[in-house]
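Asker: Sequence plus predicted model, see below.
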Amino acid sequence: MIRLMAMINIVLFTILGLWGPSSGQTVPLCGDASPIQWDMNSESDMAEYRVYTATTAGTINPATQSPTWTVPHVINPATPNLIVYTLNAVIPDGITYFAVAARDTSSNQSGLSNELVCNLQIGPSAPTNLVIGVFAP
């Protein structure tokens, strides 16, 4: 079973249920340069990991949805026991839930990791204080 963890700079997210909208705490911000990471599977026939997303907690279902990202099982000497993937802008801004499944070379897929939540902010912030009028120089 793989475990999912996310980092924003040095700050670690906690898993859903300990930190999230239902607990009354603020959901951490994440963006398109935010890496997510999880422990690498040790099976010799690992092929890839599938990252799933949803906008509602507990609704990720690999049987009915395609993965948002597919990440190859590649050992990085800098992080030999971890898979690190940087988010990209293929999902809309807002509260986003993530879970990961491992897939082997025979197309067998594991169950899902724990769910992680963050407030995804990929685009720039909207301008504020827009006014109409005549302004003195």
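Answerer: The structure has been received and is ready for your questions. Note that the structure is a prediction, hence the values are computed from the model and not measured.
Asker: Only C-alpha atoms from now on, for both contacts and neighbour counts.
Answerer: Will do.
Asker: what residue ranges in this protein score low on pLDDT?
Answerer: 1-26, 31-33, 88-92, 122-126, 129, 134-137 (pLDDT under 70).
Asker: those helices in it, which residues are they?
Answerer: For the chain, no helices turn up when DSSP state H is the criterion.
Asker: The closest residue to residue 28 other than its chain neighbours: what's it in contact with?
Answerer: Residue nearest to residue 28 in three dimensions, not counting chain neighbours: residue 118, with 5.2 Å by C-alpha to C-alpha, 6 or more residues apart in numbering. Applying C-alpha atoms under 8 Å, 6 or more residues apart in numbering, we find residue 118 in contact with 27, 28, 29, 30, 95, 96, 97.
Asker: gap between residue 118 and residue 77?
Answerer: Applying C-alpha to C-alpha, to the nearest Å, the value for residue 118 to residue 77 is 28 Å.
Asker: ditto for residue 96
Answerer: In terms of C-alpha to C-alpha, residue 96 sits 30 Å off from residue 77.
Asker: between the two, which one's more packed in?
Answerer: residue 96 (21 against 8; other C-alpha atoms under 10 Å).
Asker: Does that one touch residue 53 like I think?
Answerer: Yes: with contacts counted by C-alpha atoms under 8 Å, residue 96 reaches residue 53, the gap being 6.5 Å.
Asker: Residues in contact with stretch 80-87: which ones?
Answerer: 31-40, 71, 73-76.
Asker: These: which two are farthest apart?
Answerer: Farthest apart among the contacts of stretch 80-87 by C-alpha to C-alpha are 31 and 75. That separation is 24.6 Å.
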